[in-house]
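[1] Provide a 3D model corresponding to the input given below.
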Amino acid sequence: MDELKKTLSSLAGSDCVLEKEEMRRHTTFRIGGPADLFVTPKTIPAAADVIRFCRKRGIPFYILGNGSNLLVSDEGYRGVVIQLYRNLSQIQIQGTRLEVQAGAMLSAIAARARENALTGFEFAAGIPGTLGGAMVMNAGAYGGELKDVLTETLILDECGEIRWIPCEEMEFGYRKSAVTPRGWTALGARLALRPGDPEEIRRRMEELKEQRVSKQPLEYPSAGSTFKRPEGYFAGKLIMEAGLRGFSVGDAQVSEKHCGFVINRGNATASEVLELMREVTRRVKEHSGVTLEPEVKLLGEF
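    Numbering: from 1, shown residues only. The predicted structure is shown next:
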């Protein structure tokens, strides 16, 4: 471990490598044990160097953004977590075009777009994730999706090369893209927006914010929507109809405000959340015949 930490420090900087970092500090669920090593590269070349090294040595690694769609094991992660959030979050604007690093929060991109009278990104203002995570899963809300505004993606490909690829090669679908299947890492993107009225943009963002606050349990830690939307259905409605509103396992609970969310009422463990998710899946299948698929990603041993 000491040798590995030393090598990663030489690649990313000694102040960018932490040992046994508790992952609950880096997930919106506020759940998760320690990662063996936690790296926060300050530049895209440094991030690429760390990833290439881990690949070459066969060291398990995970690319982390804001941790907003993630459930980390209570035992943590036996490998290297590489966080792009915060350090790699630059947003450059030229006319109606934006060039953004993967660690930028979607809310920050939306705010910068509004400041520059650019419309088309309002839908993402309340999504609590980073651009990188949004590229992996084609994040969307309120009728908009990332694929609608993305023109090019900066990736580290499966051969270790950093290159720009057009949107078409991303193979965007519902909550999926080519990033994970092809072994890529999303490092940044170019977005194309449209000129708009700053007041109308602000009003639309406020309107969507009010909808989120009124309908979603934002007062509790969660990972957002816990299950994918089944074709022809809404996960929250299926869960509610199965009589699971408020259903809990320990401090993990199906939100009474929105049944599509599993929340942490204080001291929920990853094991409790997973047990709850499995029971919800079983009962919904029993009640409606629909099999729910998790939208939340699992990291570590369960």
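[2] The stretch 151-300 of the chain: strands as residue ranges?
    162-166, 185-192, 194-195, 222-225, 248-249, 252-254, 261-264, 297-299 (DSSP state E, counting those that start in this stretch).
[3] Mean pLDDT and mean neighbour count added to those, as TSV?
    The way it works is simple: take the backbone N, C-alpha and C, and place the C-beta from them, glycine included. Compiled in TSV, those are given as follows (pLDDT from 0 to 100; neighbours: other C-beta atoms under 10 Å):
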stretch	mean pLDDT	mean neighbour count
strand 162-166	97	13
strand 185-192	98	23
strand 194-195	98	12
strand 222-225	94	23
strand 248-249	98	18
strand 252-254	98	25
strand 261-264	98	26
strand 297-299	96	17
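[4] out of those, which comes closest to Thr43?
    Thr43 lies closest, by C-beta to C-beta, to one member of the strands of the stretch 151-300 of the chain: strand 185-192, at 10.5 Å.
[5] Note down every partner strand of the closest one and its orientation.
    strand 97-101 (antiparallel), strand 150-156 (antiparallel) (DSSP bridges).
[6] Show me which residues of the last one are buried.
    For strand 150-156, burial by neighbour count (16 or more other C-beta atoms under 10 Å) applies to Leu150, Glu152, Thr153, Leu154, Ile155, Leu156.
[7] Could you export those residues as TSV, including distance to Gln90?
    Shown next, in TSV, are these (distance: C-beta to C-beta, whole Å):
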residue	distance to Gln90
Leu150	17
Glu152	16
Thr153	16
Leu154	12
Ile155	17
Leu156	17
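[8] Just name the closest of the residues you listed to Gln94, please.
    The nearest one, if we look at the buried residues of strand 150-156 relative to Gln94 and count by C-beta to C-beta, is Glu152, at 13.8 Å.
[9] That closest one against Arg190, yeah?
    Yes: under the criterion of C-beta atoms under 8 Å, Glu152 is in contact with Arg190, at a separation of 4.3 Å.
[10] can you list residues touching both of these two?
    Trp164 (C-beta atoms under 8 Å, 6 or more residues apart in numbering).
[11] Distance to Gly289 added to the strands of the stretch 151-300 of the chain, as CSV?
    Listed next are the strands of the stretch 151-300 of the chain as CSV, based on distance: least, C-beta to C-beta, whole Å:
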stretch, distance to Gly289
strand 162-166, 40
strand 185-192, 36
strand 194-195, 43
strand 222-225, 21
strand 248-249, 24
strand 252-254, 20
strand 261-264, 22
strand 297-299, 25
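[12] And those: which comes nearest Lys6?
    strand 185-192 (23.2 Å).
[13] Give me the angle between the closest one and strand 162-166.
    Strand 185-192 runs at 40 degrees relative to strand 162-166, counting by axes from the mean of the first three to the mean of the last three C-alpha atoms, to 10 degrees.
[14] what sits against the nearest residue to Gly300 once chain neighbours are set aside?
    Leaving aside its chain neighbours, Gly300 sits nearest to Ser73 (2.9 Å; criterion: C-beta to C-beta, 6 or more residues apart in numbering). Shown in contact with Ser73 (C-beta under 8 Å, 6+ apart): Gly32, Gly33, Ala270, Leu298, Leu299, Gly300, Glu301, Phe302.
[15] make it 6 Å
    Ala270, Gly300, Glu301, Phe302 (C-beta atoms under 6 Å, 6 or more residues apart in numbering).
[16] host element of the spatially most central residue of the chain?
    What sits nearest the mean C-alpha location of the chain, by C-alpha atoms, centre = their mean, is Gly133, with 4.1 Å. Using DSSP states H and E, Gly133 sits within helix 131-137.
[17] need the next SSE after that helix, C-terminal direction.
    Proceeding N to C from helix 131-137, the next assigned helix or strand is strand 140-141, under DSSP H and E.
[18] List the contacts of the helix-or-strand element of the chain with minimal mean pLDDT.
    Ranking every helix and strand in the chain by mean pLDDT, DSSP states H and E puts strand 140-141 at the bottom, with a mean of 88. For strand 140-141, contacts defined as C-beta under 6 Å, 6+ apart pick out Phe123, Ile127.
[19] Now the next helix or strand after that strand: average pLDDT?
    Beyond strand 140-141 on the C-terminal side, the first helix or strand identified by DSSP H and E is strand 144-145. In this model, strand 144-145 carries a mean pLDDT of 92.
[20] strands paired with strand 144-145, and their directions?
    strand 140-141 (antiparallel).
[21] Just give me how far the partner strand sits from the chain centre.
    On the basis of C-alpha atoms, centre = their mean, to the nearest Å, strand 140-141 sits 12 Å off its chain's mean C-alpha point.
[22] What of stretch 1-8?
    Computed by C-alpha atoms, centre = their mean, the chain-centroid distance of stretch 1-8 equals 28 Å.
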